[in-house]
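In: Pasted the sequence and its predicted model underneath.
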2 protein chains.
Amino acid sequence: MSLYQQVAKKLRQRIEAGNYQPGEALPRQAELALEFNTSRVTIQKALDILFNDNLIIRKQGSGTYVSPTYSSALDIISSQYGGTTQLFAGKATVSTQVLHFEIRLPTDEESQKLHIESTIPVYDIYRLRKLDNNPYELTKSIMPLSVISNLTKEVAERSIFAFIQHDLGLEIGNAVRRISADKTKNDDIQYLDCETHDPILQVSQTVSLKDGRIFEYAQTRHRYDKGSIVVFNKVPMV
Amino acid sequence: MSLYQQVAKKLRQRIEAGNYQPGEALPRQAELALEFNTSRVTIQKALDILFNDNLIIRKQGSGTYVSPTYSSALDIISSQYGGTTQLFAGKATVSTQVLHFEIRLPTDEESQKLHIESTIPVYDIYRLRKLDNNPYELTKSIMPLSVISNLTKEVAERSIFAFIQHDLGLEIGNAVRRISADKTKNDDIQYLDCETHDPILQVSQTVSLKDGRIFEYAQTRHRYDKGSIVVFNKVPMV
DNA sequence: CAGTGGTCTAGACCACGTT
DNA sequence: ACGTGGTCTAGACCACTGC
């Protein structure tokens, strides 16, 4: 891990431990540079990370302060996730039921969403997720075989994200999500135990690897009473 | 505007103009440094911005490439908002109807959300927004007078965000949003013309200034068939 | 092994807030 | 006027890719 990342990690620990209180000023950059025996530029790169996570506020001409709203920031960071499975690790038992698993050619819409040729086959996976045996989300995923291979039904019952990272050795990158509300459909009633007129929280996501290749287009339907989505909007850099 | 921001702007224009195609490599950092007559570090800071906007992919040991999924990134950037009003500027007519406007003391929950003492009064504003005369969202906002002042019903009918930025001279910072689905309530039926069993897309947001002070806690209810929320998730920096 | 991006430094000057 | 963070440079070395 690079130097500025180590510095960021240590400063984060101090803030979380309450060494610096919300609203309080951190030591001057020059002082931090002395303490960590680095250049000021390295300190600044470390502060960039904390700033992006909304842990600190920077005021030119004044100082660097622990974000007054720091405590609310914690949830966000921890929800930066990697697949649904990790989120509840330790808190509850997540189980996955694979309702459908096949390899087929993509529709036109799908090949467009995945940025692939329509001749490249895709996995079509339909899963139901339960939390302590209570159903809470229904996910339909499409993944191109040109990017993801050797997927099996058994892997889909565990964590596909873990498989991609650990077994395929690929690095997961950014995701674009579209969130909307929808009316209940037949599958929602059948699998999510919804009532006829319950609302559904729907998320359509396109997930990429670090090299930019899209590896998943998925639609997830959540019970409206089981979970919401927390989002953090940064002010634009330009 | 600083040098690296100018460079970022120019490179962004080139990408948008198609001078560099999706998937294609940008010139080497050293070459860009020569062209813009800057140091390589400055080029890197410029690339940081484009990277954060998902316009480019960086591969150590290989090069810098226009993101293969670049085109999908455009929507996101343009949805980086500033209040609802700007979003549709030019495309449609947004009108706002102020249903309620008062100054009162906050409830315990509200003073907690806003991080203020319960003795500080707040604006309580309830607005209905229409797009070309079709209702699409209903917003209940709470703002502390310790941060925002001189607000009037007339301002609320225009754009509160514009008032804060231009008239009060305050800089808007980050926002935390919680998105969920909900059942229709009486107000939704009355003002949004919803049917009894239509789902509602609800957003609860806490918006801060650049100095970290929270200036708004708001709950917005959208008709499920009028709009969705697009979100961009970056991979964590540490 | 050559070429690329990533990290890091020491030092300089600028922009802004505070006093 | 002073102290703070913001920007910028030139040069060095490291880490990784791909031939």
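Out: Here it is on my side, so go on.
In: The longest helix anywhere in chain A and DNA strand D, any residue contact?
Out: Longest helix in chain A, counting residues (DSSP state H): helix A:3-17. No. Contact of helix A:3-17 with DNA strand D (Cβ under 7 Å from any atom of the strand) is absent, the minimum separation being 10.9 Å. Quick note: C-beta positions are derived from backbone N, CA and C, even for glycine.
In: tell me how far the helix or strand that comes right after that helix is from the chain's mean position?
Out: Using DSSP states H and E, the next helix or strand after helix A:3-17 towards the C-terminus is helix A:29-36. How far helix A:29-36 lies from its chain's middle: 33 Å, per Cα atoms, centre = their mean, to the nearest Å.
In: Likewise for stretch A:156-175?
Out: 12 Å.
In: Then stretch A:47-62?
Out: For stretch A:47-62, the gap between its own C-alpha mean and the chain's C-alpha mean amounts to 22 Å (Cα atoms, centre = their mean).
In: Just the buried positions in it, please.
Out: Residues of stretch A:47-62 classed as buried by neighbour count (16 or more other Cβ atoms under 10 Å in any protein chain shown): A:47-58.
In: pLDDT on it, on average?
Out: The average pLDDT within stretch A:47-62 is 96.
In: Give me the contact list for that stretch.
Out: If you take Cβ atoms under 8 Å, 6 or more residues apart in numbering or on different chains as the criterion, stretch A:47-62 is touched by A:4-5, A:8, A:11-12, A:15, A:26, A:29, A:64-70, A:73, A:76-77, A:232, A:234, B:174, B:210-212, B:237-238.
In: same for the longest helix of chain A, what does it pack against?
Out: helix A:29-36, helix A:40-52 (3 or more Cβ pairs under 8 Å, 6 or more residues apart in numbering or on different chains; DSSP states H and E).
In: Now with 6 Å, please.
Out: Contacts defined by 3 or more Cβ pairs under 6 Å, 6 or more residues apart in numbering or on different chains; DSSP states H and E place helix A:3-17 against helix A:40-52.
In: and the helix it packs on with DNA strand C, contact?
Out: Yes. Legend: contact between helix A:40-52 and DNA strand C by Cβ under 7 Å from any atom of the strand is shown at A:40-42, A:45.
In: among the residues you listed, which ones are buried?
Out: Neighbour counting over the residues of helix A:40-52 next to DNA strand C (16+ other Cβ under 10 Å) leaves A:42, A:45 as the buried ones.
In: between the residues of helix A:40-52 next to DNA strand C, which is closest to residue A:206?
Out: Using Cβ to Cβ, residue A:45 comes nearest to residue A:206 of these, at 29.7 Å.
In: May I ask which two of the residues of helix A:40-52 next to DNA strand C are separated the most?
Out: Maximum distance among the residues of helix A:40-52 next to DNA strand C (Cβ to Cβ): 10.0 Å, for A:40 and A:45.
In: that older thread, format the buried residues of stretch A:47-62 as JSON lines; extra columns: distance to residue B:111.
Out: Output for these, formatted as JSON lines (distance: Cβ to Cβ, whole Å):
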{"residue": "A:47", "distance to residue B:111": "31"}
{"residue": "A:48", "distance to residue B:111": "33"}
{"residue": "A:49", "distance to residue B:111": "31"}
{"residue": "A:50", "distance to residue B:111": "27"}
{"residue": "A:51", "distance to residue B:111": "27"}
{"residue": "A:52", "distance to residue B:111": "28"}
{"residue": "A:53", "distance to residue B:111": "25"}
{"residue": "A:54", "distance to residue B:111": "21"}
{"residue": "A:55", "distance to residue B:111": "23"}
{"residue": "A:56", "distance to residue B:111": "24"}
{"residue": "A:57", "distance to residue B:111": "21"}
{"residue": "A:58", "distance to residue B:111": "27"}
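In: Alright, I will stop here.
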